[in-house]
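Trainee: here is a sequence with its predicted model. Questions after.
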Amino acid sequence: MKTFAQVMLIAGLVGAAAIPAAADAQVYVRVGPPRPIFERRPPPPQYGYVWHAGYHRWDGARYVWVPGQYFAPPRPRAVWIGGRWVHGPRGYFWRDGYWR
């Protein structure tokens with residue numbers, strides 16, 4: 001017979017194994033996003049801040065505009081690669097931006 005601690009350990013391991021699979025889930029949209037909205041970029045709040053352009057996100061029923069904003073880079077000389085909508089065989093999906 002298993003002890004309570006053994007059962008909890010097994011449950012924790014099974015649950016932890018499922019987390020990466022859920023994090024990699026893609027949402028596919030049949031209709032492509034609208035053209036980006038023109039945004040007048042304000043001056044940065046501090047020297048070195050990087051502009052992340054606005055984009056359309058899918059809210060489950062329609063595209064919603066997310067305005068651009070400035071962010072502090074995580075390290076010196078970091079370059080922001082913006083997110084974008086990609087068209088694949090199953091429809092459009094969002095590829096997140098990242099720091100390089």
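Mentor: That came through, no problem.

Trainee: all helices for the protein, in order.
Mentor: 4-23 (DSSP state H).

Trainee: low pLDDT regions in the chain?
Mentor: 1-24 (pLDDT under 70).

Trainee: count of neighbours near the closest residue to Y55 other than its chain neighbours?
Mentor: Residue nearest to Y55 in three dimensions, not counting chain neighbours: V66, with 5.6 Å by CB to CB, 6 or more residues apart in numbering. Yep, even glycine has a C-beta here, placed from its N, CA and C like the rest. Residues lying near V66 (other CB atoms under 10 Å) number 14.

Trainee: what of the one 4 residues further on?
Mentor: When neighbours are defined as other CB under 10 Å, Y70 has 15 of them.

Trainee: try H56
Mentor: Residue crowding around H56 was assessed by other CB under 10 Å; the count is 19.

Trainee: that one pairs with what?
Mentor: Applying DSSP bridges to H56 yields these beta-bridge partners: W65.

Trainee: OK, contacts around it?
Mentor: P33, P34, P36, Y63, V64, W65, V66, W85 (CB atoms under 8 Å, 6 or more residues apart in numbering).

Trainee: what of R84?
Mentor: Taking CB under 8 Å, 6+ apart, we find R84 in contact with Y55, W94, R95, G97.

Trainee: next one: D96
Mentor: So D96 contacts G83 (CB under 8 Å, 6+ apart).

Trainee: hey, C-alpha coordinates of stretch 81-100 in PDB?
Mentor: What follows is stretch 81-100, C-alpha atoms only, in PDB (Å, rounded to 0.1, in the frame of the first residue of the first chain):
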ATOM      1  CA  ILE A  81      12.300  40.900 -32.200                       C
ATOM      2  CA  GLY A  82       8.600  41.700 -32.500                       C
ATOM      3  CA  GLY A  83       5.800  39.200 -32.400                       C
ATOM      4  CA  ARG A  84       3.900  38.500 -35.600                       C
ATOM      5  CA  TRP A  85       1.000  36.500 -37.100                       C
ATOM      6  CA  VAL A  86       2.200  33.500 -39.100                       C
ATOM      7  CA  HIS A  87       0.000  31.700 -41.700                       C
ATOM      8  CA  GLY A  88       0.400  27.900 -41.400                       C
ATOM      9  CA  PRO A  89      -1.600  24.900 -42.700                       C
ATOM     10  CA  ARG A  90      -4.100  25.100 -39.900                       C
ATOM     11  CA  GLY A  91      -4.700  28.900 -40.100                       C
ATOM     12  CA  TYR A  92      -3.000  31.900 -38.500                       C
ATOM     13  CA  PHE A  93      -1.200  31.700 -35.200                       C
ATOM     14  CA  TRP A  94       0.700  34.300 -33.100                       C
ATOM     15  CA  ARG A  95       4.400  33.900 -32.700                       C
ATOM     16  CA  ASP A  96       5.500  35.800 -29.600                       C
ATOM     17  CA  GLY A  97       8.200  38.500 -29.700                       C
ATOM     18  CA  TYR A  98      11.500  37.800 -27.900                       C
ATOM     19  CA  TRP A  99      14.800  39.500 -26.800                       C
ATOM     20  CA  ARG A 100      17.900  38.500 -28.700                       C
END
